[in-house]
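Novice: Okay, predicted coordinates and the sequence, questions at the end:
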Amino acid sequence: EPVSPSPAATATPTPAADTLRVLDEASGEILTVSARDYRIGAAAAELPADWPDEAIKAQMVAAWSYALFQQQTARAAGQAHDLSANPARRQGFMTREVLESYWGVDFEANYQRLAALADQVEGRVVQWEGAAAACCYHASSCGATEASQNVWTEALPYLQGVDSPWDTAADGWEVTVTYTVQQMTDALQLNFADRGLDLSGDPSGWFGTPTLTAAGYVASQPVAGAELSGIELRGALGLRSAAFTVQYADRTFSVTTHGYGHGVGLSQWGARGMALEGKSCADILAWYYPGTQLVQE
């Protein structure tokens with residue numbers, strides 16, 4: 001689940017580079033990673049190795065395009081690294097050494113499979129107006145992907161949300177977590193002490209009717225006299241997504257989420273569903289990043 005794209009990255013095209021400078025968040029070391037290794041390591045960190053070929057290829061192209069987008073911003077700003085990852089925690093990108101440990105006896109077969117898929121998409125980049133696009137991705141949406149400006153600040157034309165009905169088949173698409181009144185009180189006070197919350201009343205009245213975005217995520221949620229964003233509450237309560245509903249009964253809050261991740265860009269479970277229906281990597285990328293061009297560099 002990549003961080004927010006920087007609008008500065010769309011300013012001027014940058015030629016594709018053969019390597020990325022990846023900051024290992026655990027060690028502090030800056031790794032020099034080839035394009036091929038990045039495609040393999042990023043896909044392995046994001047998807048099971050036995051997923052459909054076209055879904056994995058779409059993930060590889062999206063990850064590489066996003067990395068080039070980030071690289072352009074980083075180098076314009078004079079940063080020492082292009083993007084960061086935590087290979088040891090299998091976040092963002094995994095090195096060959098981490099994959100050997102992660103996959104164990106399946107390493108050789110899995111690595112050869114992903115390497116072959118990486119070779120099939122060598123040089124492919126998703127572009128918008130001649131520059132690498134901010135190809136954000138997430139595990140699964142609530143049934144439609146979210147517009148970028150509802151999560152970050154920049155309204156990117158190709159990240160305005162599309163239907164993604166395949167996501168309802170995702171593992172853990174609907175999850176309900178419960179909080180005691182004390183747990184909810186603690187979480188709200190810890191995160192929103194300066195927002196004028198009034199938690200003195202009956203807890204059954206703390207959560208009002210939310211305002212939803214077009215995709216179905218919580219845009220604004222009245223809570224104990226304050227207006228909180230769905231993204232803020234997702235972080236405060238540790239929710240899987242900002243598409244949630246809150247119910248209260250028997251001194252317990254039940255919060256049900258739909259989807260996993262920020263919801264912007266490519267849905268990985270959506271890509272899987274499309275691939276199982278026979279759609280190609282190009283079809284998947286065109287669906288989740290409408291108006292972009294898939295180019296061969």
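Specialist: All right, it came through fine.

Novice: Next, the residue lying closest to Q293 once chain neighbours are set aside: phi, psi?
Specialist: Closest residue to Q293 apart from its sequence neighbours, by C-beta to C-beta, 6 or more residues apart in numbering: Q127 at 5.0 Å. C-beta: built from backbone N, CA, C; applies to glycine. Dihedral angles of Q127 (phi, psi; degrees, to the nearest 10) stand at phi -120, psi 150.

Novice: so Q127 makes contact with T292?
Specialist: Yes. Using C-beta atoms under 8 Å, Q127 makes contact with T292 at a distance of 6.3 Å.

Novice: what residues do the two have in common as contacts?
Specialist: A133 (C-beta atoms under 8 Å, 6 or more residues apart in numbering).

Novice: need the contact list for A286.
Specialist: Applying C-beta under 8 Å, 6+ apart, we find A286 in contact with T292, L294.

Novice: how about a cut-off of 10 Å?
Specialist: Counting by C-beta atoms under 10 Å, 6 or more residues apart in numbering, A286 touches A58, V126, Y158, K279, S280, T292, Q293, L294.

Novice: R251 too?
Specialist: T180, V181, Q182, P203, S204.

Novice: Could you give the bridge partners of the closest residue to the first one other than its chain neighbours?
Specialist: Which is T180. Excluding its sequence neighbours, the residue lying closest to T180 (C-beta to C-beta, 6+ apart) is T252, at 6.3 Å. In this structure, T252 bridges to T180, A249 when assessed by DSSP bridges.

Novice: Against P203, how distant is T252?
Specialist: Distance of T252 to P203, given as C-beta to C-beta, to the nearest Å: 9 Å.

Novice: Find the residues that touch each one of those two.
Specialist: Overlap of the contact sets of T252 and P203 (by C-beta under 10 Å, 6+ apart) consists of T180, V181, M184.

Novice: ok, the residue nearest to Q293 touching L68?
Specialist: Yes. Counting by C-beta atoms under 10 Å, Q127 does reach L68; the two are 9.2 Å apart.

Novice: The two: who's more crowded?
Specialist: With neighbours defined as other C-beta atoms under 10 Å, Q127 and L68 compare such that L68 has more, 28 against 20.

Novice: ok so, going back, quick one: which of the contacts of A286 is nearest to Q112?
Specialist: Ranked by distance to Q112 (C-beta to C-beta), the contacts of A286 are led by A58 at 19.7 Å.

Novice: Contact partners for that closest one?
Specialist: A58 makes contact with 43, 47, 52, 121, 124, 126, 135, 137, 266, 268, 270-272, 274-275, 279-288, 294, according to C-beta under 10 Å, 6+ apart.

Novice: hmm, which of those residues are the buried ones?
Specialist: Burial of the contacts of A58 was assessed by neighbour count (16 or more other C-beta atoms under 10 Å); the buried members are 43, 47, 52, 121, 124, 126, 135, 137, 266, 268, 270-272, 274-275, 279, 281-288, 294.

Novice: Which of those residues fall in helices?
Specialist: Within the buried ones among the contacts of A58, residues falling in helices by DSSP state H are 43, 268, 270-272, 274-275, 281-288.

Novice: element containing the residue nearest to R90 when sequence neighbours are not counted, please.
Specialist: For R90, ignoring the flanking residues on the chain, the nearest one in space by C-beta to C-beta, 6+ apart is A45 at 5.3 Å. Using DSSP states H and E, A45 maps to helix 35-46.

Novice: A49 too?
Specialist: Using DSSP H and E, A49 sits in no helix or strand.

Novice: Quickly note the distance from it to T145.
Specialist: Going from A49 to T145 by C-beta to C-beta gives 25 Å.

Novice: re earlier: pretty sure the residue nearest to T180 is touching V181, no?
Specialist: Yes. Between T252 and V181 there is a contact under C-beta under 10 Å: 7.7 Å.

Novice: Name the residues contacting each of the two.
Specialist: Both T252 and V181 are contacted by P203, under the criterion C-beta under 10 Å, 6+ apart.
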